[in-house]
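> no sequence for this one, just the structure:
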């Protein structure tokens, strides 16, 4: 299989940057390769740019006593080790097969490595690395992925600006090609009130040169509005959990979108892009008629004889804006009319003496 082409994340920095939409499959395949393949095909059909998995071994990611930190009414597993042990069935050959499936389906293959052991064999399969929020203070892993020379999309949930700055500095020093910072809330599921989309403003203020993104953990009823808000504040790398069936119990199904949800999300983001327009205040082509006809002009108040000197009480201000603008009132006052002007006439400069000299 041909190695994955590098992804330059600077392409997603800035107002006019395109959207990079990631369907976060994680381990919602339940450790079954055929289900994972089906997810690849469904994600591609839904119009995402990439589908992302999670690559880990339970024995390398958590101790056997590591406490759960998610909503146990949705995912009842008591420890992290127990949960990860349920879903770490896929190995190197399986991920290679998934990468090939992605290539055939026309969607990018991504995965989050959770230990350094898998980085070497994953490297030719991915064009960029995605690092989870919980590993922002894991310099061993950060150093290893940066040394591949590929770009890194770094989630920043539950992180301080100081921790983010330290991770960015390390990634840069160790050779990361480019970096994107993804705002997120490390809580499963995330309530809309805790979505913290405004954090993107702070990230942009401190890291203005980096691409921004948002990794969403809200449930579907809130996801579209939350992600739209994130896009409005500059997020162009959008990651959302993905499932074939959101009614399945546990894991990340309960805060994931199904394929139809991603179709809607892509459509909403494209529509929002049109709605937002350019980040500049301009007069639009479709405003030109209103600019001419809804603005006002100086208008005669009563019949004015030729030779009359214009005073303020001889004038009114009315639509349309096809005559002398009211902003030029001071230039009109004291001028002498060259012709007689009937009542309620829109004044023009050629009605005045010395019009050529103005």
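Happy to help now that I have it. A quick note: this is a predicted structure, and the numbers were derived from the prediction, not measured. Residues are numbered from 1 along each chain as shown.

> show me the shaky parts of this protein.
357-358 (pLDDT under 70).

> contact partners for the residue nearest to residue 144 when sequence neighbours are not counted?
Of all residues beyond its chain neighbours, the one nearest residue 144 is residue 116 (4.4 Å), with distances taken as CB to CB, 6 or more residues apart in numbering. Every residue, glycine included, has its C-beta placed from N, CA and C. Contact criterion CB atoms under 8 Å, 6 or more residues apart in numbering gives 140-141, 144 as the residues in contact with residue 116.

> list just the nearest of these to residue 1.
residue 144 (22.1 Å; CB to CB).

> for the stretch 151-300 of the chain, just list every one of the strands.
151-155, 179-184, 211-216, 237-241, 297-300 (DSSP state E, counting those that start in this stretch).

> and among those, the most buried is which?
strand 211-216 (a mean of 28; mean count of other CB atoms under 10 Å).

> other SSEs contacting that one?
Applying 3 or more CB pairs under 8 Å, 6 or more residues apart in numbering; DSSP states H and E, we find strand 211-216 packed against strand 179-184, helix 199-206, helix 220-232, strand 237-241.

> what angle separates the longest one from strand 179-184?
For the pair helix 220-232 and strand 179-184, the angle between their directions (axes from the mean of the first three to the mean of the last three CA atoms, to 10 degrees) equals 140 degrees.

> would you turn the helices and strands packed on strand 211-216 into TSV with distance to residue 287?
Listed next are those as TSV, based on distance: least, CB to CB, whole Å:
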stretch	distance to residue 287
strand 179-184	35
helix 199-206	29
helix 220-232	22
strand 237-241	32
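
> which one of these lies closest to residue 134?
strand 179-184 (11.1 Å).

> strands paired with the closest one, and their directions?
strand 151-155 (parallel), strand 211-216 (parallel) (DSSP bridges).

> so what's the most centrally placed residue in the chain up against?
Relative to the mean C-alpha position of the chain, the nearest C-alpha, by CA atoms, centre = their mean, is the one of residue 235, at 2.6 Å. By CB under 8 Å, 6+ apart, the residues touching residue 235 are 182-183, 200, 212-214, 227.

> any idea how far the closest residue to residue 177 other than its chain neighbours is from residue 228?
Excluding its sequence neighbours, the residue lying closest to residue 177 (CB to CB, 6+ apart) is residue 151, at 4.6 Å. According to CB to CB, to the nearest Å, residue 151 and residue 228 sit 25 Å apart.

> what does residue 130 give?
22 Å.

> these two: which has the busier surroundings?
Ranked by neighbour count (other CB atoms under 10 Å), residue 130 and residue 228 place residue 130 first, with 27 against 19.

> let me see the contact set for the closest residue to residue 114 other than its chain neighbours.
In space, residue 114 comes closest to residue 56 once its chain neighbours are excluded; the distance is 3.7 Å by CB to CB, 6+ apart. Residue 56 is in contact with 84, 88, 113-115, 118, counting by CB under 8 Å, 6+ apart.

> what count of nearby residues applies to residue 38?
14.

> oh, I was asking about residue 350
That count, for residue 350 with other CB under 10 Å as the rule, works out to 9.

> against residue 349, how distant is the nearest residue to it once chain neighbours are set aside?
In space, and not counting its chain neighbours, residue 350 is closest to residue 338: 7.8 Å by CB to CB, 6+ apart. Distance check for residue 338 against residue 349: by CB to CB, it reads 10 Å.

> can you list residues touching both of those two?
With CB under 8 Å, 6+ apart as the test, residue 338 and residue 349 both reach residue 355.

> where do the helices of the chain begin and end?
Counting by DSSP state H, the chain has these helices, from start to end: 33-46, 58-61, 80-87, 92-105, 119-122, 139-146, 161-173, 199-206, 220-232, 259-276, 288-293, 329-332.
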